[in-house]
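A.B. asks: Give me a model of this one.
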Amino acid sequence: MKAPARRLVLHRRALGFFPTPFMPLPALSRHLGGPAIVIKRDDQTGLALGGNKTRKLEYLMGDAMARGADVVVTGGAAQSNHCRQTAAAAAACGMGCHLALGGEAPEAMNGNLLLDRLLGAELHWCGEHRKGEDIPEICRQLGERGLTPYVIPYGGSNATGTVGYAEAMRELVLQLGSEVNAITHMVFASSSGGTHAGLLLGRRMYGVAAEVVGICIDKGETGEVPLGDHILQLAGQAVDRLGLNQAFSRADLILLDEYTGGGYGVIGDAEREAISLCARLEGILLDPVYTGRAMAGLIDLIRRREFSAGDTILFWHTGGSPALFASPGDLVG
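C.D. replies: The predicted model follows:
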């Protein structure tokens, strides 16, 4: 297959190890007795234990540096994978990092929080605000100190960050060549919208036939907009940013919202089973918030025979394993 032409003109700061591995999951496939399952290991992007946000941050940090920023500000939940990778990206770029985290300061730092501190990030505890609601005030204070902050949105999900996952689809096409046509579905955790929007855009740009299936992991909305609408908006904004002639509609969107369980970050039986099966059958670690829930959704879809025996399902592993260490009592007896 001819390599797709690179169309991007955005600023980019190399941060990750690419291409990430692609591999079959034969033991899990046999155990479930359904279609073949393969995996794209974006937990192996390399930036402070990896994860999908690294792809977005390459473009976001490139933009921040081009704009002369000296500190980045973002937000998320206490165990945010995005915040951990942003802290690492800022350190790699010689910039400061401020994180607006939901909740209150815990007695012990573990999981992603420990890494945030090791990476030099300054933490701001924001109570019920876990999606960056306090960022404007933090930026105001930084400005008064003579600093030039650059805001990275929740999950790195804006038009700039979305481009990272359009490029991820290009990487997959280059990695697999004509074998990419064997993939019938791509399944992944959909939360802040940028990964989902980028894969939709990349699918269109590079002629990939596989259906893009997002498993919603959070009952809430993204800001004031339902997640599905937000994903389509991001895809459209990324199209405009790249100067392409594309349009997206509800017909392009597959977003399954029946697997949100007890809510964001609540570990239930489905997540425990998914994490255990992948660990014991394939030696692969999922996380309790995103990939554990997305894999639980995939397992249920296979058991319900939503796929045919001849399908090939790509599970896009978006990372997050450091969060396992924050919840040992919920994962093992």
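
A.B. asks: From now on I want contacts and neighbour counts done on CA atoms only, so please keep to that.
C.D. replies: OK.

A.B. asks: shouldn't L281 be in contact with L32?
C.D. replies: No - the pair L281 / L32 is not scored as a contact, 11.2 Å apart, by CA atoms under 8 Å.

A.B. asks: How far off centre is the lowest-mean-pLDDT helix or strand in the chain?
C.D. replies: Lowest on mean pLDDT, DSSP states H and E among the helices and strands of the chain sits helix 328-331, with a mean of 86. How far helix 328-331 lies from its chain's middle: 23 Å, per CA atoms, centre = their mean, to the nearest Å.

A.B. asks: Repeat that for stretch 202-213.
C.D. replies: The answer for stretch 202-213 is 17 Å, by CA atoms, centre = their mean.

A.B. asks: Quick one: mean pLDDT over the helix or strand containing R55.
C.D. replies: According to DSSP states H and E, R55 maps onto helix 53-66. Helix 53-66 carries an average pLDDT of 98.

A.B. asks: same question, stretch 259-274
C.D. replies: The average pLDDT within stretch 259-274 is 94.

A.B. asks: Can you give me the end-to-end span of that stretch?
C.D. replies: End-to-end distance of stretch 259-274: 12 Å, with CA to CA, to the nearest Å as the criterion.

A.B. asks: And the contacts of it?
C.D. replies: With CA atoms under 8 Å, 6 or more residues apart in numbering as the test, stretch 259-274 has contacts from 215-219, 288-289, 292-297, 299, 330-331.

A.B. asks: Could you do stretch 21-37 as well?
C.D. replies: Stretch 21-37 has contacts (CA under 8 Å, 6+ apart) with 38-42, 44, 277-278, 281-282, 299, 302-303, 305, 307-315.

A.B. asks: Give me the buried stretch members for it, please.
C.D. replies: 22, 24-25, 27-29, 34-37 (16 or more other CA atoms under 10 Å).

A.B. asks: Skipping adjacent residues, who's closest to A309 in space?
C.D. replies: P35 (4.6 Å; CA to CA, 6 or more residues apart in numbering).

A.B. asks: List the contacts of A14.
C.D. replies: Applying CA under 8 Å, 6+ apart, the residues near A14 are E58.

A.B. asks: and it, helix, strand or coil?
C.D. replies: Assigned with DSSP: H, G, I helix; E, B strand; the rest coil, A14 falls in the coil class.

A.B. asks: ok, it to P149 distance?
C.D. replies: Distance from A14 to P149, counting by CA to CA: 21 Å.

A.B. asks: now I284
C.D. replies: 37 Å.

A.B. asks: can you give me the helices in the stretch 101-250 of the chain?
C.D. replies: 111-118, 135-144, 159-176, 194-205, 227-242 (DSSP state H, counting those that start in this stretch).

A.B. asks: Deepest-packed of those helices, please.
C.D. replies: helix 194-205 (a mean of 27; mean count of other CA atoms under 10 Å).

A.B. asks: any idea how far that one is from the chain center?
C.D. replies: For helix 194-205, the distance to the chain centre is 12 Å (CA atoms, centre = their mean).

A.B. asks: Same question for stretch 251-263.
C.D. replies: That offset, for stretch 251-263, works out to 15 Å (CA atoms, centre = their mean).

A.B. asks: before we move on, what about stretch 29-49?
C.D. replies: Relative to the chain's own centre, stretch 29-49 is displaced by 14 Å; criterion: CA atoms, centre = their mean.

A.B. asks: change the start of the numbering to 43 and stick with it
C.D. replies: Done: numbering now begins at 43, and the last item shifts to stretch 71-91.
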